[in-house]
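In: build me a model:
(2 chains)
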Amino acid sequence: MIERGSPVRRARIMPRVILLLYAHPHPSQSVAGKALLAAVRDLPELTVHSLYDVYPDFSIDAAAERRRLAAAKLVIWQHPLYWYGVPALLKLWWESVLVRGCAYGDGGTALHGKDCLWVTTTGALPAAYANDGVHGHPFSAFVPAVQQTARFCGMNWLEPLIVHGAHRIDDGALQAQAAQYRAKLEQYRRSHG
Amino acid sequence: MAEATILRDALVYLGAAVVCVPIAKRIGLGSVLGYLIAGCAIGPWGLGFVTNVQSILHFAEFGVVLMLFLIGLELDFKRLVEMRRPVFGGGTLQMAVCGAALGLGLWAIGLPWKGAVAAGLALAMSSTAIAIQTMAERNLLNAPVGRSAFAVLLFQDIAAIPLIALVPLLGSAAPGGEPGWQLALKGLAAIVIVILIGRFLTRPVMRLIARSGVREIFTAFALLLVFGIAELMALAGLSMALGAFLAGVLLASSEYRHALETDIAPFKGLLLGLFFIAVGMSIDFGLVATRPGQLALLVVGLLLVKGLALAAIAPKLEVTSERWLFAALLAQAGEFAFVVFGVARGARVLPGEWDALLTAAVALSMAATPLLLLAHDALVARRARSERAADAIDDNTAPVIVAGAGRYGQIIARLLFARGEKVTVLDHDPDQIDLLRKFGFKVFYGDATRLDLLEAAGAATARLLVVAIDDVEDNLALVDLARSAFPNLKIIARARNVRHWLELADRGIRATERETFESALRSGRQALEVLGLSPHEAREVAEAFRRSNIATLEAMLPHFRDEAKTVAIAKSGREELEENLRRDREAQQRPDTGHWQ
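Out: Got it, this is the predicted structure:
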C-alpha cells in the first residue's frame, strides 16, 4: 500500500462506462473474488475501484465518489456475502454516498437511468439456502435489500451473478463462472456501446 | 610592521582554508584532508607564503587543547571513572604492542637500539587531533570503536609525559634537568591546582561574570581558563591537552557547561584547522624529492606495522566488528612524536638524518589518514556488494532498514518487529541502540547518510528503507543517496513540515507523513469533543480538514519552488477549507440530509 495515490489524484477520473466497486477486506486472500476480477479487469472502459484498498481507514471521500458515479453507466457491486448482506465498508459507502438530494428525494437523480449489477460470492453451497437449510431461507430472500437500494436510487436492476460455495468450488467451475461474468459485461458493452 | 604580518598571515590561512576545505568536503575527502592540502599549498614547499612553520604549529596546538577541553565537558566524572579499564588496560596494551613492533622494525632497518626504542614508542602514539576530528565528522565518538579509540588516545596523552621525561636517560648526554622525584612532585602539584581551580574557583567567578552581563567577557574568561591551565601544565612538564581535558571533566556538571561549549567551539574549530594547516606546511617536500624511497618505506612501514598491530589487538579493546576502521583511525603517528624526536635529538639518542626522515614520515602518515579511511570505506562497500549476490537468493532475510531510532523511527521499528519482520536500525545514539539490540534488532552505529553504512546494513537487498531522521538536511541527504545508489529500494519518509514534505514529494517520495500532523488532528478531535461535538462528528470534521489540507499540498507540489506562488496557493487553500468547513457545517445543520427517514 506504499504507493497509494492521494485522494485528489484519484478523483481525477477518466470517463469510464463500467464502475466496478469491489469490497473485500483482504483482496489478496479471496480466491473466488480474485478469479472473477481477473476475468474482467482488462475490459476497456471498466474501472475497478477496490474500496478496502482506497479507504483502509473507512474515511470515504463522498464528493469524489459521487463524481466517479456520475461518469459511470453501469455500476457493479462485487463482494463476498457477509451476514446476508454487504461488507461494512460497502454499507458505509451506501450511507455516505447515496444521500438525500443526490441519490433520492428532491433533486436526487444522480443515479437515474444507470444500470446496477450485483456480483456476490457465498461460502455455503446452494442447498444451504432453503427453508430447511442452514440459512433457513432460499437465497432469493436475501436479494431484496440490495435490489431495492438500487431501485430506490432509480437504477435498473440487472440479473445478478451469485457464486455459491466460494471456498470449496473447484477451479473448473469457478473459471466457468468467471467466463460467464466476462461474457455478461461484453454483452453489456455491445448493447450500450 | 608586526601587525601587517599578522594580518597578512591571517589572510593567507583563512583564504586557504575557505578555498580548500569546502572543496575537499564536497568531493568526500573530509575537512582534515582539506586543511592539510591548504597547508601544503601555502607552506614553504608550496607557494611559500608562510615560513615560520614550527612556531605556527606550536601555537596551533591550542586547537588540540581546546578540543580536549570540550571533550572533557562532555564526560562527567562518573563516566571517566567507568573508563579506567579501557584507558589503562587497553592503552597500555596498545602502547606496548605497537611500540614493540615499530621499535623492532626500526632496529631491523638500521636504527641503533636506543633510538629504536624511543622512536618506536613515539610512533606508537596516534594523533588525537586527526583521530577525534575524523570520528566527530563521522558520528563515531559514541560508537564502540570511537569509545575504544578515545580511551587509547587518552592513555597516550598520559604516557607521553613519562616518555618525554625518560628519553634523555637513554642518551649519552648528561640528564641536565631536575631529578625524577622533583618532576613527579611538580606534576602532582599542577594537577591538584587544576582540580582546585576547576572545583572551587571557577564556578563563583563565572557566576560573577555572568551576572555582570557582558557576554564577551565570559568568552574571554573561558579562553583564559583553558589557556591558563594549559600553561600551568606546560610549566610542570605535563601535557597541556591532558590538563585541559581534566578541567573540562571538572566543569562537566556545572550549570555553565553549555555556555562554555558554545563559546569555545568556534575557537577550537579554527585553531584545530590551523593545526592541520601547520601539519600540512611542515611536510618536508625537499626530503620527499631527495630520498623518496626511504621516506616511502618509512611511511608505508609505519602505517602497515601499526595498522596490523592495532587490528590484532582490537578484539581485546572491545572492538569486534570494526577492527579495520579502528586500525585506520589510529595508524598514523601523532603530534607527540615531533616533541619526542626533538628531545631525542637533543639527547643524541636519534641521529640527525633519522630525525628529519621520521618527522617527515609522521606528517605524511597524518596526511594519509583520511585516505586510509576512504580506502576502508571503499573496501567495506565492495564487500557489501559482493555479499549481495549471496543474500539475494534468500529473500526472507531481506531486512527493513529504519534510519533513525528516535521517538519516531522507534515506533515504526517496534511495529514492524511485532509483526515478525527483520528490522535493521541505523542510529548514532548509543542509549537507544543498546536497548534495541537487546531485543534482537540488528543495529548499526553511525551516520546513516554514509554509503558504506547503508551497504553494510543491507540496503542493496532490503525491501524497504524507512527514513525517520528528524534533521531535514540529513533526512534529504539519505533519501538522495539511497535513490542514486539503490534505485529499486522503496522509501518511506518522515517529513518535518510542509516544506520538507514538498521536498520529498518532489523527489518522488509519496509515502510521507508529516511528523505531527496526524497526532495534532487527533488532539483537535478531542478538543471538538470537549466543545460538545459527538465523537463521530468530530471525526468527520477532522477528516474534512485532513482531506482539504492534503489537496492543498498536492496543488502546491508543481509550483513549490516558486515561493511566491506557494504562498498564494496556500492562501486560497485556506479559503477553500473555510468554504468546505462552512458547507460541512450547513450540511450537519440540515437534520435530514444523508439519513434515512
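
In: tell me the SS of the residue in the stretch 101-250 of chain B that chain A sits nearest to?
Out: The nearest approach of the stretch 101-250 of chain B to chain A comes at B:Asn139, 28.8 Å away (Cβ to the nearest Cβ). (C-beta placed from N, C-alpha, C; glycine too.) Three-state call for B:Asn139 (DSSP: H, G, I helix; E, B strand; the rest coil): coil.

In: hang on, it packs against B:Leu453?
Out: No. The pair B:Asn139 and B:Leu453 fails to qualify as a contact (Cβ atoms under 8 Å) at a distance of 9.6 Å.

In: who's more crowded, these two?
Out: B:Leu453 (23 against 20; other Cβ atoms under 10 Å in any protein chain shown).

In: wasn't the more buried one part of a helix?
Out: Yes. B:Leu453: assigned to a helix according to three-state DSSP.

In: count the residues that sit near the spatially closest residue to it that is not a sequence neighbour.
Out: Nearest residue to B:Leu453 in three dimensions, chain neighbours excluded: B:Gly446, at 4.9 Å (Cβ to Cβ, 6 or more residues apart in numbering or on different chains). B:Gly446 has 22 neighbours, counted by other Cβ under 10 Å.

In: could you do B:Glu578 as well?
Out: So B:Glu578, with other Cβ under 10 Å, has 11 neighbours.

In: do B:Arg383 as well
Out: By other Cβ under 10 Å, neighbour count at B:Arg383 equals 13.

In: most centrally placed residue in the chain?
Out: No chain in the question, so chain A it is. Nearest residue to the geometric centre of chain A (Cα atoms, centre = their mean): A:Trp77, 1.1 Å.

In: looking at chain B here, not the other one
Out: Centroid check for chain B by Cα atoms, centre = their mean gives B:Ala136 as the closest residue, at 1.1 Å.

In: return the helix or strand in chain A with minimum mean pLDDT.
Out: Counting by mean pLDDT, DSSP states H and E, the weakest-scoring helix or strand in chain A turns out to be helix A:7-11, with a mean of 43.

In: after that one comes which helix or strand?
Out: strand A:18-22 (DSSP states H and E).

In: mind listing residues that contact stretch A:147-159?
Out: The contact list for stretch A:147-159, computed with Cβ atoms under 8 Å, 6 or more residues apart in numbering or on different chains, reads A:74-75, A:94, A:98, A:103-104, A:108-118, A:188.

In: hmm, back to that, what do B:Asn139 and B:Leu453 both touch?
Out: Listed as contacting both B:Asn139 and B:Leu453 by Cβ under 8 Å, 6+ apart are B:446-447.

In: cross the contacts of stretch A:147-159 against strands and list the overlap.
Out: Within the contacts of stretch A:147-159, residues falling in strands by DSSP state E are A:74-75, A:115-118.

In: select only the buried ones of these in PyMOL?
Out: Buried members of the ones in strands among the contacts of stretch A:147-159, defined by 16 or more other Cβ atoms under 10 Å in any protein chain shown, are picked up in PyMOL with:
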select buried, chain A and resi 74+75+115+116+117+118
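
In: now render the ones in strands among the contacts of stretch A:147-159 as JSON lines, adding distance to A:Tyr22.
Out: Shown next, in JSON lines, are the ones in strands among the contacts of stretch A:147-159 (distance: Cβ to Cβ, whole Å):
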{"residue": "A:Leu74", "distance to A:Tyr22": "14"}
{"residue": "A:Val75", "distance to A:Tyr22": "12"}
{"residue": "A:Asp115", "distance to A:Tyr22": "17"}
{"residue": "A:Cys116", "distance to A:Tyr22": "15"}
{"residue": "A:Leu117", "distance to A:Tyr22": "12"}
{"residue": "A:Trp118", "distance to A:Tyr22": "13"}
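
In: for B:Ala160, state which of the ones in strands among the contacts of stretch A:147-159 is nearest.
Out: A:Val75 (84.8 Å; Cβ to Cβ).

In: from memory the closest one sits against A:Lys114, does it?
Out: Yes. Using Cβ under 8 Å, A:Val75 is in contact with A:Lys114, at 5.9 Å.

In: joint contacts of those two?
Out: By Cβ under 8 Å, 6+ apart, the residues touching both A:Val75 and A:Lys114 are A:69, A:155.

In: so what's A:Leu185 up against?
Out: When contacts are counted by Cβ under 8 Å, 6+ apart, A:Leu185 is found next to A:18, A:40, A:43, A:46.

In: circling back: ok, now how distant is the residue nearest to the centre of chain A from A:Gly113?
Out: 17 Å (Cβ to Cβ, to the nearest Å).

In: do B:Ala403 as well
Out: Relative to A:Gly113, B:Ala403 is positioned 55 Å away (Cβ to Cβ).

In: need the contact partners of stretch A:20-27.
Out: Contacts of stretch A:20-27 (Cβ under 8 Å, 6+ apart): A:30, A:33-34, A:37, A:40-41, A:46-53, A:75-80, A:86-87, A:89-90, A:93.

In: may I see the buried residues of the helix ranked longest in chain A?
Out: Identified as the longest helix of chain A according to DSSP state H is helix A:171-192. Buried residues in helix A:171-192, counted by 16+ other Cβ under 10 Å: A:174, A:177-178, A:181-182, A:185, A:188-189.

In: could I get the residues you listed as a markdown table with pLDDT?
Out: Formatted as a markdown table, the buried residues of helix A:171-192 follow (pLDDT from 0 to 100):
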| residue | pLDDT |
| --- | --- |
| A:Leu174 | 92 |
| A:Gln177 | 94 |
| A:Ala178 | 95 |
| A:Tyr181 | 96 |
| A:Arg182 | 96 |
| A:Leu185 | 95 |
| A:Tyr188 | 92 |
| A:Arg189 | 88 |
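
In: check these and tell me the two furthest apart.
Out: A:Leu174 and A:Arg189 (23.0 Å).

In: can you report phi and psi for A:Gly108?
Out: Dihedral angles of A:Gly108 (phi, psi; degrees, to the nearest 10) stand at phi -80, psi 70.

In: so who does it touch?
Out: So, once contact is read as Cβ under 8 Å, 6+ apart, A:Gly108 ends up touching A:100-102, A:153.

In: low pLDDT regions in the chain?
Out: Reading this off chain A. A:1-16, A:193 (pLDDT under 70).

In: you looked at the wrong chain, it should be chain B
Out: Checking chain B against pLDDT under 70 turns up B:1-4, B:171-180, B:384-398, B:429-434, B:561-574, B:576-577, B:579-581, B:583-597.

In: so what's the residue nearest to B:Leu453 up against?
Out: B:138-140, B:143, B:426, B:428, B:453.

In: of those, buried ones?
Out: B:138-140, B:143, B:426, B:428, B:453.

In: just give me the closest of those residues to B:Ala160.
Out: B:Leu140 (23.4 Å).
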